[in-house]
Structures are given as structure tokens and as C-alpha cells.
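S.K.: Whatever this is, show me its structure:
(one chain, ligands or ions: 2)
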Amino acid sequence: MDDVTAILDHMNPAQREAVSAPQGNMLVLAGAGSGKTRVLVHRIAWLMQAEGLSPYAVLAVTFTNKAAREMRTRLEALLGISLRNVWVGTFHSIAHRLLRTHWQDARLPQHFQIIDSDDQLRLVKRLLKDHRIDDERFPPRQVQSFISGCKEEGLRPHQVDVHGDAYLAQMVELYERYQLTCERGGLVDFGELLLRSLELLRDNPELLAHYQQRFGHVLVDEFQDTNTLQYAWLKLLTGMQTPMTVVGDDDQSIYGWRGARIENIRRFEQEFPGAKTVRLEQNYRSTSAILDAANALIRHNSERMGKELWTEGARGEPISVYSGFNDLDEARFIVDTIREKVEEGTNRREIAILYRSNAQSRVLEETLIRQGVPYRIYGGQRFYERLEIKNALAYLRLLLNRDDDASLERVINVPARGIGTRTVEVLRTRARQTEVSLWQALHDALLDASLKGRAATSVRAFAELIEGLDNDTAGLALHEIIDHVIERSGLIEHHRSEKGEKGQARVENLEELVTAAKAFTQGETFEPPEAGEGAVALEAFLSEAALNAGDHEADEFEDCVQLMTLHSAKGLEFPVVFIAGVEEGLFPHKMSMEEPGRLEEERRLCYVGLTRAMRKLYLTHAELRRLHGKETFQRASRFLRELPEEHLEEVRLRGQISRPVTAGRPAVGLSRQTSVDGGAELPSLSLGQRVSHPVFGEGVILNAEGEGERARVQVSFEGEGDKWLVLGFAKLTPL
Ligand code: ATP
Ligand code: MG
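M.R.: Ligands and ions are numbered 1, 2, ... in the order given. Sure, this is the predicted structure:
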């Protein structure tokens, strides 16, 4: 780009001021959709073009990997150059990069592994068991959140003040033991990534000086959700000298429950020298009906920093409120409406369904599948968190690091190879007593023959399997290593022999892992892969997998309806938004109702939800809901009452459903004549219909997904079981 001022095109005066401000500390404080993220991206471009800052001198922190990728792409488009190695990422990915580069100074093994909260919980449970600690008095999740909480506050065990409280002292002791296990296995949890990298910089003045000089400007998006540790990390890294641009919105702080501190915004203004505050007040995202409603809602919170938002946009359509008689009815309304919208020309990817709790997605998903509407879930059962993938990754991790106890425990008897819980218990006890890893304990037990008979044979076979995998994969490319490991470990076979669709899906996922590895080495994923093969590539891949388990899914460009929790919708925008389950106890969540502070956080979450919508917003709730196996009557959320009536409109489903007199669930779904859009030459089929197949014989259609050529149907064949078939290929004849 020749003319730097082009970076300032299509910006209002306040945005322009922020983008082109001289280097110095700056806070951009503004409401949703006012262009904060856009200003941040343009400011980076401005610093490079107008101020001559090198791309390598920029450090930009975003909230998700997806946001980081987007930022990089937008910058490349603005500047017309490739920016592969620029430091743009989440706090976690940047901390990881530091630790990977300086593993020795960080006192970590070279192939340290990141563990997610699932592994963390498993470790805690094992500790409680090993030390015979009552897990009712010390529930594992509570211990886990205590440990994470300490790390978020930057506290090591010896720094926690127990005030002579025995309970607290026990917690601290567990934290200490947990930490020892991690150290021994070279395991690093998410909180540890940050704390360790903070200590790395703090304890190595030369390194700190190097990075302080290297970065000429640090930028942070969604600053309202930084926690104490992240704030300290930024302070250290900038030495309060390197200028910082932070953008945020106090009304969108939604991670207080995870240690985020809104006060960081005020602290920034006070602590960072010469910090200048810029406010943006024009919203470019939503219609004025949506914006007015969001503004009215958030006014119910006290303690706000106070901001105004206005739009030049039209009033637009009113917000539609639908009251379903149960959760199925709610889902059906949402999916029917989506189908109408799509018929009218809206792309599916422009539509999002947001909800408060992950568990709500199941009914929505089932209805979408039944009606053949493709969708994608952000969060929830993400690829890298699926059981079979985690098992495969555990094998891979063992190849790199035999002392990784969490991984060893995960797969020592998966697939089943005759190593029972008693044997594992023996190994654990031994590991604990001699203070070694499980792998070491296993070898010791074989050597001194304290394991005998069948147990010894099985354990030896497992040890040989791991060593064998290691030998056989030396020198192979990353995807070949993975391919070999999932075959030889017996994982693929294990799932192949599982009955039904679940096993099939697991096999497909394992195969997808090989594909993911290929894509990774070809540099199609976010972090540029390291040079090198084998162990180095494997280590980088595993780290990426662990970091990625936090967000996004594979192909973002497919035309799918987007499903996600309200939390993961932060920062995003969609032309059409549905918020489902707007009910007391669900949203606001029942856990928050007793504490005013938490209730305000729920209201901010609602504000985040409302302000994701650009053109059209639907709020739905159900009078009867089945959640966690229980059926309960629900009341509409107080948040609905807090919205201005003039912008709301009650809707009823077209083709009316009569309200049942009793509270029973109506039979909906399978009897619907949902046609699977089969294109011209494909047969038109409906759920529940009988069909015949040249090989499998006769059966009944149970399920359908996708559209046109790629539509798939699940058919239950007599004698052949359930099969998923692609309509474009399978020769199905309606009967
Ligand atoms: P959030 O608080 O939700 O993160 P934000 O303040 O970061 O929102 P952006 O996502 O940067 O807002 O911008 C919202 C929308 O408004 C985007 O589609 C963006 O492209 C558009 N936008 C921002 N500023 C302008 C402008 N000056 N002219 C036209 N469109 C703009
Ligand atoms: Mg933003």
C-alpha cells in the first residue's frame, strides 16, 4: 500500500484518532460493535506503515486462536504482505511460544506437554485416591479450581497464606503434590503456561531485556477479560516502557468466574504512564432496535464505567420472542425459521444459535439433523477433545515422553490388554513410594518380579509396544507416525469392532487426525510449523492440538448454521441470531442468582449475546424443559422483562401447534414429512420411510443430514443394522 492514509479510510474521527495516535499507552473503551477490534487491526497496520515499526516488533494478544487467525488475515489484506511469523496469538499460545524457545531457562524438559482441564482433573482424582483423601470433603473439581485459581493469581503453594486453616492447608498440600507430578512428567497446564512464562521472564533479566527491546508495541483485544496474572505478565513484558494499546468494554466482561478482573481497565488508566483514553460511541453492527434493547438491558447493572452507543442504522425489524411449550417445540421453531430464512436467500453461515449451557445443544442438534440443516458447533465436543483422539494423542505423547503419567494411565489398558485396575494400582503405589513416574515403576516392577504371571506378561507387552512404536516410527513423516501408531496400538481396530455408528465415527475421527497432521506439516494451520520432522514436528503438533482444543473446528468456509455458547460468541457478529433458553435458572444461570455480582455478569453475558446480532434477533424460551434428565417448568427470564416492549414482538409458529393440556411431551420429529432435499435426480425421501437397497435389502430411514448430492441418510436395514449412506451414491428406492 502506497498511501498510508488509506488505512484511515472508512473510519470515523474517534476511530481515526485511535488508529493514528502517536505511540504511547492508550485505552480504547467502547461498547459492542463500535469497531474496537477493527481499530486494533488498523492500528497495527498504521504502526508498521506510518511509524515504520517492524512486523517482528509487534505483539498482539487476542482472546481465541480463531480471532488471531482472523487478525493475521485482515492485516495481510491491509498491508499486502505475508505475516506468518508475527506474534499474534492468545495469551496461552504466546506463553507457549516463549516456553518452547527457552525451555531450559524455564526448567522444563524439551518435550514438555500441555495438559487440558480434563487431564488435570484426572490427575487430581488420582492424587486424592493415592493419598486416601476423602473426595467428598475435597471434591476433585473444587481442588482443580483451587489450583487453577492460585495460578491465576500468580501464587505458588508456598505463597498461599493458610492462616492456620487446616482445610486450606490440605488444599495447598494437594496443589504442591499436583505440581510435583506435573514437574516429574513434564506436564504443563493452561494456568502453568502463563505463570511459568512470567517466572521465566522475571527470573532471567537478560531474557526480559531482550523481549522488552524486541517488542516496540503491545496490543491487547478484549482487555476487560484479562486476569491478575495476565495483567502482571503484560506489565513485566512491557516494563511499563513499551507502549501498549488495549481495547475493551467493561460491559462485556464475562469471565469473572474464571478470575478475570474488570478493574484491570481502571488499573491500566492509573498505572500505565500517560495512558490516553479514547471512546468510540458509534455502533456499526446492529439495527437501532437491537442496539436500543441491548442498551436498555445493560442499564440495569450498577457499577459501570458509563458509555453511550448510538447508530445511524435503521430501526430494523423488532426482536422476535417465541415461547415454546417445551424444549423440542422451541428447537422446532428455531429450525423452521432457519429453513424459511435460508429459502429467502440467507446463507446458513450468517445464522447463529447461542445458548447459555452446552447441554442445551443436544435437542437443537437433533432437530437440525432431522431437518437436514447442516450446522457446526464451536466448543462442546471439539475434535481434539473426543475420546478416541485423546487416546491417540496419549500414545503419541508417550512416544515423546515416557514419564507422562497422565497419558500412560489413559492408554495402558486401551484397547483392553488384560491390565486390570489392581495392576495399575500396584504400579501407582510403587511410583508414589519410590517417587518415580509410572513408566519407571512399571520397569522396576518387572525387574524385581513384583508383578507376576498374566499381569507381568501384559505389562511387559505394553512396554514393548511403546518401545516398538518408537523404533518403528523413527525417521517417518508426522502423518506417517500417527498412521502407524493408531494402527499398531490397536486403537483403530478397537473402534472398528465397536457396533454401530459411534464406532464408525470414531474410526473416521482417527483417520481425520492423520489428515490434520498432513495439513499441519503443510503449514495450513495457525502456528507456522517448525522446521524438522519426527519428534520435533510431533511435539509441535501435540502442542497445537492441546491449544486448539480450546476453540474452532475444521472447515470454516462450509455453509453451516453456527452453534455456540454465549461465552464463545464474544467478539463475533452474525446477521441473524437466535438466543435459546432465555429462562430463569438457565439464563441467568441458577448459580448466579444469589450473588448480585454474578447476576450482573450474567446480564453482561446477555448484553454480549444481544449485540452479536446485526439484522435480526430471536429470543426463545420454553415452558417445560428437560435438562440433565429432569423435566422442569420454567419461567421466562427476567432479562426479557428488562427489554423495552416497543422493540419486542411475540411470535407464534406457523401452522400452529395446539398446546397440550397435560405436561407430557408431544410426539414431534419422526412423523414429520421432512423431505431430504435430493436435487433433480435423487429420490425424495422422508424420515420413517421404507426404502430398498440393492445390497442391504429393505430398511427404514432414521436420520438425515446434509443436502443435495452430499446428503446422507441413516437407514436401519433388517439384518444388516444401521448404516449411513450418501444419497448421491447409494441406490435407494422408496417403497
Ligand atoms: P465487540 O465489542 O463485539 O468485540 P468491536 O467493538 O470489536 O465489537 P468490531 O467487530 O471491530 O467491533 O466492528 C463491528 C462491525 O462494525 C464490523 O463489521 C466492522 O467492520 C464494522 N465497522 C467498524 N467501524 C466501521 C466504520 N467506521 N465504518 C463501517 N463499518 C465499521
Ligand atoms: Mg471486538
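
S.K.: Tell me the residues of the chain that contact ligand 1?
M.R.: Taking C-beta under 6 Å from any ligand atom as the measure of proximity, the chain contacts ligand 1 at 10-12, 15, 30, 32-38, 249, 252, 284-285, 571, 573, 611. Backbone N, C-alpha and C define where each C-beta goes, glycine included.

S.K.: switch the cut-off to 8 Å
M.R.: Contacts of the chain with ligand 1, taken as C-beta under 8 Å from any ligand atom, map to 10-12, 15, 30-41, 221-222, 247, 249, 252, 280, 282-285, 570-573, 608, 611-612, 614.

S.K.: Looking at those residues, which are in helices?
M.R.: With helices defined by DSSP state H, the entries of the residues of the chain next to ligand 1 inside them are 15, 36, 37, 38, 39, 40, 41, 608.

S.K.: For those residues, could you give me JSON lines that also reports neighbour count?
M.R.: Below are those laid out as JSON lines (neighbours: other C-beta atoms under 10 Å):
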{"residue": "15", "neighbour count": "24"}
{"residue": "36", "neighbour count": "26"}
{"residue": "37", "neighbour count": "21"}
{"residue": "38", "neighbour count": "18"}
{"residue": "39", "neighbour count": "27"}
{"residue": "40", "neighbour count": "24"}
{"residue": "41", "neighbour count": "25"}
{"residue": "608", "neighbour count": "24"}
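
S.K.: List just the nearest of these to ligand 2.
M.R.: Taking C-beta to the ion as the measure, ligand 2 lies nearest residue 37 of those, at 3.3 Å.

S.K.: Identify the residues contacting the closest one.
M.R.: By C-beta atoms under 8 Å, 6 or more residues apart in numbering, the contact set of residue 37 is 67, 71, 221, 247, 571.

S.K.: rerun that using 7 Å as the cut-off
M.R.: Each residue near residue 37 by C-beta atoms under 7 Å, 6 or more residues apart in numbering is listed here: 221, 571.

S.K.: got it, and the one 5 residues further on?
M.R.: When contacts are counted by C-beta under 7 Å, 6+ apart, residue 42 touches 7, 19.

S.K.: Please apply the same query to residue 455.
M.R.: Contacts of residue 455 by C-beta under 7 Å, 6+ apart are residue 423.

S.K.: Skip the chain neighbours and tell me the closest residue to the residue of the stretch 101-250 of the chain found nearest ligand 2.
M.R.: Here the stretch 101-250 of the chain gets closest to ligand 2 at one residue, residue 221, 6.0 Å apart by C-beta to the ion. Excluding the flanking residues, the one nearest residue 221 by C-beta to C-beta, 6 or more residues apart in numbering is residue 62, at 5.0 Å.

S.K.: rewinding a little: how about CSV for the ones in helices among the residues of the chain next to ligand 1, with pLDDT added?
M.R.: Listed next are those as CSV, based on pLDDT from 0 to 100:
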residue, pLDDT
15, 96
36, 96
37, 95
38, 95
39, 97
40, 96
41, 95
608, 97
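
S.K.: could I have stretch 166-175 exported to PDB, CA atoms only?
M.R.: The C-alpha coordinates for stretch 166-175 follow below in PDB (Å, rounded to 0.1, in the frame of the first residue of the first chain):
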ATOM      1  CA  ALA A 166      -6.500 -27.000  58.200                       C
ATOM      2  CA  TYR A 167      -8.800 -27.300  55.200                       C
ATOM      3  CA  LEU A 168      -6.900 -24.700  53.300                       C
ATOM      4  CA  ALA A 169      -3.600 -26.300  54.300                       C
ATOM      5  CA  GLN A 170      -4.800 -29.600  52.800                       C
ATOM      6  CA  MET A 171      -5.700 -27.900  49.600                       C
ATOM      7  CA  VAL A 172      -2.300 -26.300  49.400                       C
ATOM      8  CA  GLU A 173      -0.700 -29.600  50.000                       C
ATOM      9  CA  LEU A 174      -2.700 -31.100  47.200                       C
ATOM     10  CA  TYR A 175      -1.600 -28.200  45.000                       C
END
